[in-house]
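In: I would like to see how this sequence folds:
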Amino acid sequence: MTTPMHLLTNAQLYAPESLGVRCVLVAGGQVVWIGDERPQLDPALDVAVHDLGGRRLVPGFVDAHAHLSGGGGETGYASRVPALELSRITTAGVTTSVGLLGTADTVRTTGELLVHARALRTLGLTTYCWTGGYHVPPATLTGSVRGDIVHIDLVLGVGEVAISDHRSSQPTLDELLRLAGDAHVGGLMTGKAGVLHLHLGDGARGLALVRRALADAEVPARVYHPTHVNRRRALLDEAFALADQGVTIDITAFPPDDDEDVVPADEALHRYLATGLPPERVTISSDGGGCLPVFDAEGQPLGMEVGSPASLGEALRGLLARGTALEDALPPFTSNPARLLRLEAKGRIAVGADADLVVLDEEAGVVDVMAGGRWMVRAGVPVVRGPFEQP
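Out: Modelled structure (predicted):
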């Protein structure tokens, strides 16, 4: 299929840095030109022109934590969450999504996850995967984490490996270091990210295992990527300290919660940006399609919610409402995860980058979404859907 050419004019451009009012030319799925004035183009090129009317144009969101094949299973067989549909992802402004397995890595497999990721790719979304899941030894396709990273094109690292959680395999320091080492070497061999993506539960040990790993071994700090670090206030403080040591931390856009110990994503990001820590060492992800159960003191489930990609936009709007400038708010959603994952053509608007673009309205709501130079959402309505989605 030939990707048409598009000229976006009168765009308030955030790349994610603020560049003022610009015109952006898209061809072959990439940004090929950015300029101050509308260019004179040969009519034979048949370029579609879109006047954005001064609306803000930002990079597509890069979501490093989504249950593309569905999550859940913690509250019984019937609690398995269905796979994420394309339009639920794109209407949230997400143009790159990294799928993973969680608690149910016994019945959901890496192979199944890869099939879902490839299916979404055929529909126009950029997708990747983590191999493994909560438990150790990890569920892999080739028999090893390193083998999956080296031999499977979409696999960027291993995760979400659970620590400080009653649902984990209670991994030891040696087991964690072996996973981190395999991820690191697999990344070196392929030029991939080679990241160990860690699920953090609400256990009292928090990030102690990661601190020990940094102190006792040679694996670089950049390999560790702990997520859900805002599920407890004390855990968030621990995460900030690790960011100062070179770890990139991941904040989850949890839905609203009555638990006062859970730090809302916008508050957590606002606090991080105010610390003076390196701004590139924080990312935010949705946990879209993932089961968000509530347990009692004995580990018995009391109920569950399901994560949504749309929570990213809600977090962005909350961050802006706190007074954060858009150019400071955007990197955790865009350029920071792209940098961590070594996706050089993602998370930014620049000549040569992929044409993954999101138009925001006055309230920072997602209006239009372009992925790889193809419109996926127009005026908030998905124009590309999966074959089994209901219109």
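In: Look up how far Gly133 lies from Arg231.
Out: 19 Å (CB to CB, to the nearest Å). Every residue, glycine included, has its C-beta placed from N, CA and C.
In: who's more crowded, those two?
Out: Taking other CB atoms under 10 Å, Arg231 and Gly133 do not tie; Gly133 has more neighbours (26 against 22).
In: Report whether Leu176 is found in a helix, as I expect.
Out: Yes - the assignment for Leu176 by DSSP: H, G, I helix; E, B strand; the rest coil puts it in a helix.
In: Show the contacting residues for Ala355.
Out: His6, Val26, Gly29, Gln30, Val31, Met370, Ala371, Gly372, Gly373 (CB atoms under 8 Å, 6 or more residues apart in numbering).
In: from the residues you listed, which ones fall inside strands?
Out: His6, Val26, Gln30, Val31, Met370, Ala371 (DSSP state E).
In: Can you select the buried ones from the residues you listed in ChimeraX?
Out: In ChimeraX syntax, the buried subset of these is picked out as below (16 or more other CB atoms under 10 Å):
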select :6,26,30,31,370,371
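In: how about Trp33, phi and psi?
Out: Main-chain torsions, Trp33, degrees, to the nearest 10: phi -160, psi 140.
In: could you check the distance from the most centrally placed residue in the chain over to Ala353?
Out: Against the mean C-alpha coordinate of the chain, by CA atoms, centre = their mean, the closest residue is Asp63 at 1.6 Å. In this view, Asp63 and Ala353 are 18 Å apart by CB to CB.
In: and stretch 36-44, how far apart are its ends?
Out: 23 Å (CA to CA, to the nearest Å).
In: Show the contacting residues for the residue nearest to Met370 when sequence neighbours are not counted.
Out: Excluding its sequence neighbours, the residue lying closest to Met370 (CB to CB, 6 or more residues apart in numbering) is Leu357, at 4.3 Å. Residues counted as contacts of Leu357 (CB under 8 Å, 6+ apart) are Leu8, Val24, Val26, Leu57, Val58, Pro59, Gly60, Thr95, Ile349, Asp368, Val369, Met370.
In: ok, now Val185?
Out: Arg146, Gly194.
In: can you confirm it is in a helix?
Out: Yes - counting by three-state DSSP, Val185 falls inside a helix.
In: any chance you could map the helices in the stretch 101-250 of the chain?
Out: 110-122, 145-151, 173-190, 208-216, 233-243 (DSSP state H, counting those that start in this stretch).
In: Present those helices as TSV; the columns should include distance to Val223 and mean pLDDT.
Out: As requested, those are exported to TSV (distance: least, CB to CB, whole Å; pLDDT from 0 to 100):
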stretch	distance to Val223	mean pLDDT
helix 110-122	20	96
helix 145-151	12	98
helix 173-190	5	98
helix 208-216	9	98
helix 233-243	12	97
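In: Tell me the bridge partners for Phe61.
Out: Val94 (DSSP bridges).
In: Give the burial count for it, as a bare number.
Out: Around Phe61 there are 30 residues (other CB under 10 Å).
In: Does it touch Ala92 like I think?
Out: Yes - Phe61 lies in contact with Ala92 (CB atoms under 8 Å); the separation is 7.1 Å.
In: okay, and the common contacts of those two?
Out: Joint contacts of Phe61 and Ala92 (CB under 8 Å, 6+ apart) are Leu312.
In: Next up, the contacts around Trp69.
Out: Quick fix: residue 69 reads Ser, not Trp. Listed by CB under 8 Å, 6+ apart, the contact partners of Ser69 are Ala83, Gly99, Leu101, Arg108, Glu112, Leu113, Val115, His116, Gly289.
In: Of the helices of the stretch 101-250 of the chain, flag the one that's most buried.
Out: helix 145-151 (a mean of 22; mean count of other CB atoms under 10 Å).
In: ranges for the strands of the stretch 51-200 of the chain?
Out: 56-59, 61-66, 94-99, 126-131, 155-163, 195-200 (DSSP state E, counting those that start in this stretch).
In: now the fifth one against strand 195-200, angle please.
Out: To tie it back to what came earlier, the one meant is strand 155-163. 30 degrees (axes from the mean of the first three to the mean of the last three CA atoms, to 10 degrees).
In: and the closest residue to Pro59 other than its chain neighbours, what is it in contact with?
Out: Leaving aside its sequence neighbours, Pro59 sits nearest to Thr334 (CB to CB, 6+ apart; 4.2 Å). Applying CB under 8 Å, 6+ apart, we find Thr334 in contact with Pro16, Val58, Pro59, Gly60, Phe61, Val62, Lys346, Gly347, Arg348.
In: Closest one of those to Glu238?
Out: Distance to Glu238, by CB to CB, is smallest for Val62 among those, at 24.6 Å.
In: what's the neighbour count on the closest one?
Out: Other residues near Val62 come to 31 when the count uses other CB under 10 Å.
In: Look at the closest residue to Gly352 other than its chain neighbours and report its pLDDT.
Out: The shortest distance from Gly352 to any residue other than its chain neighbours is 6.3 Å, reached at Gln30 (CB to CB, 6+ apart). Note for Gln30: predicted pLDDT of 97.
In: Mind listing the residues bridging to Gln30?
Out: For Gln30, the beta-bridge partners are Ala27, Asp354 (DSSP bridges).
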